[in-house]
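[1] here you go, sequence then predicted model.
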Amino acid sequence: MRYSGEEGNAQTCFAALRARGYRLVAATPHRDECPLDELAVEGRLALMFGTEEQGLSDYALEQADEYVKVPMYGFTESFNISVCAALILREITHRMRTAAVEWQLSEEEKRDLCLNWYRKIVRGSALIEERFLAARDAVPDSAGGGR
């Protein structure tokens, strides 16, 4: 699902993620966070990144189940958002692939994602899908009956 700047979208998004079993993990250098290399990769997790100037909203920080920090050395406080996201995703995906953690999508999840993607990129997909289903249901199956 896609969430934009409409009012209430953060609440809707976080509730939907939690309902699907995700932990909300906020990337921030300003909370009691765990270092990136100690973040548990077991189970589903949703990473939250803020804007470069303002960071995550207070609401997002309040809703986070955990906080993660990218280790930094020197005078700067944080990496820019693209670097931070790349470092975190690289570390997590590497650890997930080398751990005995089941992280792959099921065949059903892959089909659903693909179908949703097709629905978004094909103009008039609802009508095409409706026509396909009607035509499919009109063809009798091999036993002589309809579907």
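    Received, thanks.

[2] ok, Ala60 - contacts?
    10, 26, 48, 50 (C-beta atoms under 8 Å, 6 or more residues apart in numbering). Where C-beta positions appear, they are placed from N, C-alpha and C, glycine not excepted.

[3] got a pLDDT number for the first one?
    Just to be clear, that refers to Ala10. Ala10 carries a pLDDT value of 87.

[4] the second one now?
    Reading off the confidence values, Ala26 has pLDDT 93.

[5] that one against Lys69, yeah?
    No. Assessed by C-beta atoms under 8 Å, Ala26 is found out of contact with Lys69, at 9.8 Å.

[6] more neighbours, those two?
    Ranked by neighbour count (other C-beta atoms under 10 Å), Ala26 and Lys69 place Ala26 first, with 24 against 21.

[7] where's Val25, which helix or strand?
    Applying DSSP states H and E as the criterion places Val25 in strand 22-27.

[8] so where does Leu87 fall, helix or strand?
    Applying DSSP H and E, one finds Leu87 within helix 81-98.

[9] show me what that helix is packed against.
    Of the remaining helices and strands, those touching helix 81-98 by 3 or more C-beta pairs under 8 Å, 6 or more residues apart in numbering; DSSP states H and E are strand 22-27, strand 44-48.

[10] what angle do that helix and strand 22-27 make?
    On the basis of axes from the mean of the first three to the mean of the last three C-alpha atoms, to 10 degrees, helix 81-98 is oriented at 130 degrees to strand 22-27.
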